[in-house]
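1. Dropping the sequence and predicted coords here.
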Protein chains: 2
Amino acid sequence: MDFLAPLKRKADTKLLMLIADGLGGLPRTPGGLTELETARTPNLDRLAKEGTCGLLDPVSPGITPGSGPAHLALFGYDPITCNVGRGLLGALGVGFPIQHGDVAARINFCTVDAHGRVTDRRAGRIATDVNQRLVQKLRKAVELQGAEFFLETEKEHRAVVIFRGADLHDALNDTDPQVTGVEPHGVVAADEKSKKMAKIAHDFIEQTAKVLANEHPANMVLLRGFARSEKFRSMQEIYGITCGAIATYPMYRGVAKLVGMDVIECGPEPEDEVEALKGSFATYDFFYVHYKKTDSRGEDGDFDAKVREIEHFDSLLPAIRELKFDVIAVTGDHSTPAVLKAHSWHPCPVVLWSKYERTDLCDAFGETQCATRGALGRHPSTHLMPLMLANAMRLEKFGA
Amino acid sequence: MDFLAPLKRKADTKLLMLIADGLGGLPRTPGGLTELETARTPNLDRLAKEGTCGLLDPVSPGITPGSGPAHLALFGYDPITCNVGRGLLGALGVGFPIQHGDVAARINFCTVDAHGRVTDRRAGRIATDVNQRLVQKLRKAVELQGAEFFLETEKEHRAVVIFRGADLHDALNDTDPQVTGVEPHGVVAADEKSKKMAKIAHDFIEQTAKVLANEHPANMVLLRGFARSEKFRSMQEIYGITCGAIATYPMYRGVAKLVGMDVIECGPEPEDEVEALKGSFATYDFFYVHYKKTDSRGEDGDFDAKVREIEHFDSLLPAIRELKFDVIAVTGDHSTPAVLKAHSWHPCPVVLWSKYERTDLCDAFGETQCATRGALGRHPSTHLMPLMLANAMRLEKFGA
């Protein structure tokens, strides 16, 4: 990346990175077809026939990525050195407008007994509206010295807290003991500069425990995944492109913001995303468009529903291609095979299309074709941005 | 590797890494079939059909590896930063029980004239029993200050010496001048901490020269490849798996020990290795099984004999597959084409099998199929362990 930035070149070209979350999959039974291979995808197949196909490893072969590192890699950021902590992803997930230097942590409401020992790490999975009531109560009652805090409901027993103040750092342990029958861990700073944050977190937990003392079953909180928001160099600074992000889920908008993209307003449906793309086409050089439900149905373990989502995704392509992008890449951030009901380590199929790409032998978009008939080969996801920029004539020659 | 260790997850799965040494090859004449492609290998072919195939580069494309780095890479250790010195490999090769901090060096018995100038760097390739007599004589006569030493015959003019003591380091030059007509080089330390070892080595050489003064033709020694045994983090520590190694040659048992595997006792034949695997199946999570003679026949330059060894190797598979491993990888540590009579740089075919691997178009196990019809792609050998662990459901997700 450091060697890429000096190569950026101006050009009047438009780039599209179209991400079907969790696109890659596995056959229902060994030797069969994957979700993508099963789906009827005439538009993706045409793109694959015209473009060049391959496979992307989000982090490294064998490594199953979370959505944060998987997306950062697609945007060209080393997912290992640029890893985003869990607390921060939680804050992005609820759409919190994170600022540089904020420290975020995940919260579980939990139950403790009279001796302070955890009896239920999830407080019986309280209803989300109970969570919201407790969050309101805590917002009013807790007052910290040396930092502001923002408390946000996620879902059921889960919430997220964001601490904002000078010199807050995140080398803190989780207070969640991971087992019941013991007290929560205290907050301990692993380095000198995180001591201020440790004191504030300790104070927050102590006040929270008092406020919740008479609640049942959610009479305590467990904090984990303390993570400071570091400033990433923006994609515009590195690549010299203006970037717009279109996503229906807050977390993906949040990750896009982390790398300096503008988030484009859009409605909740995939068709709304296409409309938003049309509406802002003139405004940006590069667009990241995120389609969520391919991953959701994979996580559900519903092979057929994932196939249908892939077909829905495919149906959006003609309208998108009418916009006449110069470079289009279609891939997933990672694989989510329905048979595993989870993200997986399998490399994700990718098609890269531009008038300057070589063709290959692929005549349909699918995992086996990408692996055995594609010309792109198997790459870390971080290679995709340079390849797109090259096809957009936006990179200078390296060296003389 | 540093980022892999925190991802380890417990699972009740069994992994097998089956290594046919020097498996990869070349056609007898350009355009023909390799040894592996010539061999009748119905069992490997079936595995290739069911699993996913590709190619492994032990160190880096174009680099011909020794057995040490080739194996370390298979076990997931960076073969460049974790390189094992020649002296140490020599010690492992004779089955010497090396300890952390030992410094080993290769020895050539050589001939010097009355002025101390080397006239034959191999002492006319003395018979191994002469070597053994000289080693006995030196063991009795030489006494060092500040270190113990262990002297072991290898073969003909070759032996190995192991120095054991406090603070021994290995930044020492070879004393072998590589040409005749000049005196051996003196031992010089390249850094401060290796000075003690330099003094001891100097003392060892001086005493040895006196003991051998009246011998002929082996009246002197040349030392090279000083190498200290560093402590590697064990595979169990990194991957969270218990590991058993089955190999009929000392060197491979030694390399396995270096990375913390238990060496499982077995007889000298391949069938004994299968019996040892059956007998210890319940005891370990991960097994490394090494088949030697594919490499030996390649080194001999005997194409047909290598083909027969590959067929013998293939015949072991049914009994192994009856054990119901969850993950099986079959590959070589490197290629040893009979036409080259030596290790080579060619990537080695690999098949990875588990119920969670994608299938591909391979219907036989061979170099060309792996390269053109396989879905795995071409990888550094270090990728194999993470891929096996992922398929064994033994890795957590990276990031949120």
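-> Structure received.

2. In contact with whichever residue of the stretch 201-350 of chain A sits closest to chain B, which residues are there?
-> Here the stretch 201-350 of chain A gets closest to chain B at one residue, A:Trp345, 4.1 Å apart by C-beta to the nearest C-beta. No exception for glycine: its C-beta is placed from N, CA and C like everyone else's. Each residue near A:Trp345 by C-beta atoms under 8 Å, 6 or more residues apart in numbering or on different chains is listed here: A:Pro61, A:Gly62, A:Ile63, A:Thr64, A:Ser335, B:Pro386, B:Leu387, B:Ala390, B:Leu395.

3. 6 Å - rerun?
-> By C-beta atoms under 6 Å, 6 or more residues apart in numbering or on different chains, the contact set of A:Trp345 is A:Gly62, A:Ile63, A:Thr64, B:Ala390.

4. how would you label the closest residue to it other than its chain neighbours: helix, strand or coil?
-> Excluding its sequence neighbours, the residue lying closest to A:Trp345 (C-beta to C-beta, 6 or more residues apart in numbering or on different chains) is B:Ala390, at 4.1 Å. Three-state call for B:Ala390 (DSSP: H, G, I helix; E, B strand; the rest coil): helix.

5. Up against chain B, what does the stretch 201-350 of chain A have?
-> For the stretch 201-350 of chain A, the contact set with chain B under C-beta under 6 Å from any C-beta of the partner chain comprises A:His343, A:Trp345.

6. where exactly do the strands run in the stretch 201-350 of chain A?
-> Assignment of strands within the stretch 201-350 of chain A using DSSP state E, counting those that start in this stretch yields the ranges A:220-228, A:243-247, A:262-263, A:286-291, A:327-331, A:348-354.

7. what's the answer for the stretch 1-150 of chain A, then?
-> Listed in chain order, the strands found in the stretch 1-150 of chain A under DSSP E, counting those that start in this stretch are A:15-20, A:52-57, A:103-112, A:118-120, A:148-155.

8. still on that earlier bit, dump the strands of the stretch 201-350 of chain A to a markdown table, plus mean neighbour count and distance to A:Val274.
-> As requested, the strands of the stretch 201-350 of chain A are arranged in a markdown table below (neighbours: other C-beta atoms under 10 Å in any protein chain shown; distance: least, C-beta to C-beta, whole Å):
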| stretch | mean neighbour count | distance to A:Val274 |
| --- | --- | --- |
| strand A:220-228 | 24 | 33 |
| strand A:243-247 | 24 | 9 |
| strand A:262-263 | 16 | 16 |
| strand A:286-291 | 26 | 8 |
| strand A:327-331 | 26 | 14 |
| strand A:348-354 | 26 | 17 |
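
9. possible to save the ones you listed as a markdown table with mean pLDDT?
-> Listed next are these as a markdown table, based on pLDDT from 0 to 100:
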| stretch | mean pLDDT |
| --- | --- |
| strand A:220-228 | 95 |
| strand A:243-247 | 98 |
| strand A:262-263 | 95 |
| strand A:286-291 | 98 |
| strand A:327-331 | 98 |
| strand A:348-354 | 98 |
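
10. To A:Asp191, which of these lies closest?
-> A:Asp191 sits nearest to strand A:220-228 of all the strands of the stretch 201-350 of chain A, at 12.1 Å, using C-beta to C-beta.

11. other SSEs contacting that closest one?
-> For strand A:220-228, the packing partners by 3 or more C-beta pairs under 6 Å, 6 or more residues apart in numbering or on different chains; DSSP states H and E come out as helix A:86-93, strand A:103-112.

12. Would you mind listing the outside residues contacting the longest one?
-> When contacts are taken as C-beta under 6 Å, 6+ apart, the neighbours of strand A:103-112 outside the stretch itself are A:86-88, A:90-91, A:118-121, A:123, A:157, A:159-163, A:168, A:170, A:197, A:217-218, A:220-228.

13. tilt between it and helix A:86-93?
-> 100 degrees (axes from the mean of the first three to the mean of the last three C-alpha atoms, to 10 degrees).

14. strands paired with strand A:103-112, and their directions?
-> According to DSSP bridges, strand A:103-112 forms sheet pairs with strand A:118-120 (antiparallel), strand A:158-164 (antiparallel), strand A:220-228 (antiparallel).
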